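Asker: Test case, fold it:
(one chain, ligands or ions: 1)
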Amino acid sequence: MIPFSPPRMDQRIVDEVVDTLYSGWITTGPKTKRFEKLLTQYGGHKSTLCLNSATAGLELVLHWFGVGPGDEVIVPAYTYNATANVVVHCGATLVFVDSCEDFNISVRAIENAISSKTKVIIPVDIAGWPCDYDAINALVLRDDIRSQFKATTKEQEQLGRILVLSDAAHSIGGRYKGKMAGNLTDITVYSFHAVKNLTTAEGGAICFNLPEPFDNLQIYQRLNIKSLHGQTKDALAKNQIGNWRYDIVEAGYKCNMTDIQASMGLVEIQRYDEDMLVKRKHILDRYKAALSQYKWAQLPTYETPESQSSYHIFLLRITGVTESQRDQVIQEIFRQEVAVNVHFVPLPMMTFYKSLGYRVEDYPVAYDNYSREITLPVYYDLTDDMVDEVVRAVVNAVNMVMKQF
Ligand SMILES: *Cc1c(COP(=O)(O)O)cnc(C)c1O
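Answerer: Here you go, the predicted model:
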């Protein structure tokens, strides 16, 4: 069986983790701080806070911005549920919008969904392909949209407009018009979950890139405290002589990253562009070369002269199939010992979101993308032979199912 997404593992990662295990300090400490510095240099944003997940990062930012009951947050219907669940946790109202043919959020749909209650927009770089940030950033600055923004907290007043919070769980290393995912908008969140491009088993990071007059280092410190119970000193700082006394300034959360996790990330970030991204691009190019001869194969865009994906996953669509025919194709692919997946089932099709009153019929592009989509495996250890085997399995499966209709 060709697995879908095993993590890349080697001796360098093992050695770095073992070094931490024997170092006398295994939770948040020097390695997490070093990983944060390297991530800041890599993304080109202003500061980075590492956490135990991207989900925690998204939620902390919403809390920091003061998002709560009565506020609206715009989220694509086509995403992983974490993007939407955090809005529910804050007690705010979710406003789902439709996608474009490239799987990313539709800027026109965002524009139509903005109201005087909108506080945050969360675009998602699906498969690592950056959204159209020039258009999204310009939208929130537009006079008529800015003038209907109602600030109810100090942070909202300082920004004076809707916050753009990028869900870059897929897109670390993605580029848009020469800039990296991380400094394309106000705040960006990466995920280092086990199936993502750069993994720490579980983990995430907030990239701060807020405009003047915000002090991104100060906000880093505030959210660092928020991620550790609202405690003014972390365990490492309290270890220093004469430094045991601390204060609690708010009822914070507990979502810090450990140095064990950071060890894995430290190794990966230092070879990410030259090694991981090169490998992933090679796999996508090979899929593209092999599949482009088939009329039924609709291939994803993952690079243009202006923008490059982080090559996270390969979103194949089959032209002219129904959802149940697509399901049959997936069944046949699995029968040929290849694991594939679907990214994503639109959230309005899920029980919980249906219970909130959302209907998938209102997101026709998201549904069309989903209903014809099959995600092919992309990971560091996937060899050329394995890619060819995946292609063979997909072609056989499509031929088999096509014969029946
Ligand atoms: C994986 C993922 C997340 C959540 O990441 P965690 O680090 O597991 O919290 C959020 N959004 C998208 C689009 C994802 O794919």
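Asker: what's the nearest residue to Pro76 if we skip its chain neighbours?
Answerer: Ile105 (4.1 Å; CB to CB, 6 or more residues apart in numbering). Where you see a C-beta, it was placed from the backbone N, CA and C, and this is true even at glycine.
Asker: what's the spacing between that neighbour and His193?
Answerer: 21 Å (CB to CB, to the nearest Å).
Asker: Residue numbers of the stretch 51-200 of the chain in contact with the ligand?
Answerer: Residues of the stretch 51-200 of the chain lying close to the ligand by CB under 6 Å from any ligand atom are 53-55, 79-80, 82-83, 124, 167, 169-170, 191, 193.
Asker: Go again with 8 Å.
Answerer: Residues of the stretch 51-200 of the chain lying near the ligand by CB under 8 Å from any ligand atom: 53-58, 79-80, 82-83, 124, 126, 167, 169-170, 189, 191-193, 195-196.
Asker: thinking again about what came up before, report the beta-bridge partner residues of the residue nearest to Pro76.
Answerer: Ser99 (DSSP bridges).
Asker: per-residue confidence for it?
Answerer: On pLDDT, Ile105 comes in at 98.
Asker: Which members of the residues of the stretch 51-200 of the chain next to the ligand are positioned in helices?
Answerer: Those of these mapping onto helices are Ala54, Thr55, Ala56, Gly57, Leu58, Ala82, Thr83, per DSSP state H.
Asker: could you pull out the strands for the stretch 151-300 of the chain?
Answerer: Listed in chain order, the strands of the stretch 151-300 of the chain (DSSP state E, counting those that start in this stretch) span 163-168, 175-176, 179-180, 187-191, 204-208, 297-298.
Asker: Make a markdown table out of those and add mean neighbour count and mean pLDDT.
Answerer: Shown next, in a markdown table, are these (neighbours: other CB atoms under 10 Å; pLDDT from 0 to 100):
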| stretch | mean neighbour count | mean pLDDT |
| --- | --- | --- |
| strand 163-168 | 27 | 98 |
| strand 175-176 | 20 | 98 |
| strand 179-180 | 19 | 98 |
| strand 187-191 | 29 | 98 |
| strand 204-208 | 28 | 98 |
| strand 297-298 | 18 | 98 |
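Asker: one step back: so Ile105 and His193 - more neighbours on which side?
Answerer: More crowded of Ile105 and His193, by other CB atoms under 10 Å: Ile105, with 29 against 20.
Asker: Next, the contact list for the more buried one, please.
Answerer: Pro76, Tyr78, Val97, Ser99, Pro123, Val124, Cys131 (CB atoms under 8 Å, 6 or more residues apart in numbering).
Asker: Looking at those residues, which one is closest to Tyr22?
Answerer: Val124 (39.2 Å; CB to CB).
Asker: Report the buried residues of stretch 13-27.
Answerer: Going by neighbour count (16 or more other CB atoms under 10 Å), the buried part of stretch 13-27 is Ile13, Glu16, Val17, Thr20, Trp25, Ile26, Thr27.
Asker: Looking at those residues, spot the one nearest Asp143.
Answerer: Distances from Asp143 to the buried residues of stretch 13-27, taken by CB to CB, are shortest for Thr27, at 47.8 Å.
Asker: That closest one sits in which helix or strand?
Answerer: For Thr27, there is no helix or strand it lies in under DSSP states H and E.
Asker: Could you number the chain from 23 rather than 1 from now on?
Answerer: Let's use 23 as the start, then, which means that last one is Thr49.
Asker: Would you confirm that it contacts Asn278?
Answerer: Yes - between Thr49 and Asn278 there is a contact at 7.3 Å, judged by CB atoms under 8 Å.
Asker: Spell out the residue ranges of the helices in the stretch 223-372 of the chain.
Answerer: Under the criterion DSSP state H, counting those that start in this stretch, the stretch 223-372 of the chain contains helices at 238-248, 257-260, 281-291, 300-313, 345-357.
Asker: Dump those into a markdown table; add mean pLDDT and distance to Ala388 as well.
Answerer: Compiled in a markdown table, the helices of the stretch 223-372 of the chain are given as follows (pLDDT from 0 to 100; distance: least, CB to CB, whole Å):
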| stretch | mean pLDDT | distance to Ala388 |
| --- | --- | --- |
| helix 238-248 | 97 | 31 |
| helix 257-260 | 85 | 44 |
| helix 281-291 | 98 | 32 |
| helix 300-313 | 98 | 23 |
| helix 345-357 | 98 | 13 |
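Asker: Can you list the low-confidence ranges for this protein?
Answerer: 427 (pLDDT under 70).
Asker: Go ahead and flag the most central residue of it.
Answerer: The centroid of the chain falls nearest to Ala191 when counting by CA atoms, centre = their mean (1.6 Å).
Asker: which non-adjacent residue is nearest it?
Answerer: Once flanking residues are discounted, Ala191 sits nearest to Ser213: 3.6 Å by CB to CB, 6+ apart.
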